[in-house]
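K.L.:
any chance you could fold what I've pasted below:
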Amino acid sequence: MQITVQLPDGLAQLPDPARAALEAFAIEGYRSGALSAYRTRQLLGFETRQELDAFLKQHEVWDHAYSAGDLEKDRIGFERQP
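P.N.:
So this is what the prediction gives:
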């Protein structure tokens, strides 16, 4: 499937704006859990999990990192326990 997106001028002036937009989409999809590692790897065209891991590390994306929201949910859960 092909999707057409209108990019702001600032982004459109990057060396490869289509790739930058795709990477941003993939990063957010992976961070949010909407995309699995496998789907993210497919989307970005990486052949191996190691390529994906290197890309995620380069962009400081840790494997579904424990967020402040996760901490708050756990805190509430612990407070409810007898």
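
K.L.:
centroid residue for this structure?
P.N.:
The centre of the chain sits closest to I27, judged by Cα atoms, centre = their mean, with a distance of 2.1 Å.

K.L.:
so what secondary structure elements neighbour the helix or strand where it lies?
P.N.:
Element membership for I27, per DSSP states H and E: helix 17-32. Contacts defined by 3 or more Cβ pairs under 8 Å, 6 or more residues apart in numbering; DSSP states H and E place helix 17-32 against helix 9-12, helix 37-44, helix 49-58. C-beta here means a position set from N, CA and C on the backbone, and glycine is covered the same way.

K.L.:
of the ones you listed, which stretch is the most buried?
P.N.:
Comparing those on average neighbours per residue, with mean count of other Cβ atoms under 10 Å, the densest one is helix 37-44 at a mean of 16.

K.L.:
hmm, who's touching that helix?
P.N.:
22-23, 25-26, 29-30, 35, 48-49, 51-52, 55, 63 (Cβ atoms under 8 Å, 6 or more residues apart in numbering).

K.L.:
in the protein, where is pLDDT below threshold?
P.N.:
Scanning the chain for pLDDT under 70 picks out 63-67, 70, 81-82.

K.L.:
can you do 80?
P.N.:
11, 62-71, 73-74, 80-82 (pLDDT under 80).

K.L.:
what about K73, how many neighbours?
P.N.:
Per other Cβ atoms under 10 Å, the neighbour tally for K73 reads 11.

K.L.:
what distance do you get for it to E79?
P.N.:
Distance of K73 to E79, computed by Cβ to Cβ, to the nearest Å: 11 Å.

K.L.:
do the same with F55
P.N.:
From F55 to E79 the distance is 38 Å (Cβ to Cβ).

K.L.:
repeat that for L11.
P.N.:
44 Å.

K.L.:
check P15 too.
P.N.:
Distance from P15 to E79, by Cβ to Cβ: 50 Å.

K.L.:
good, wrapping up.
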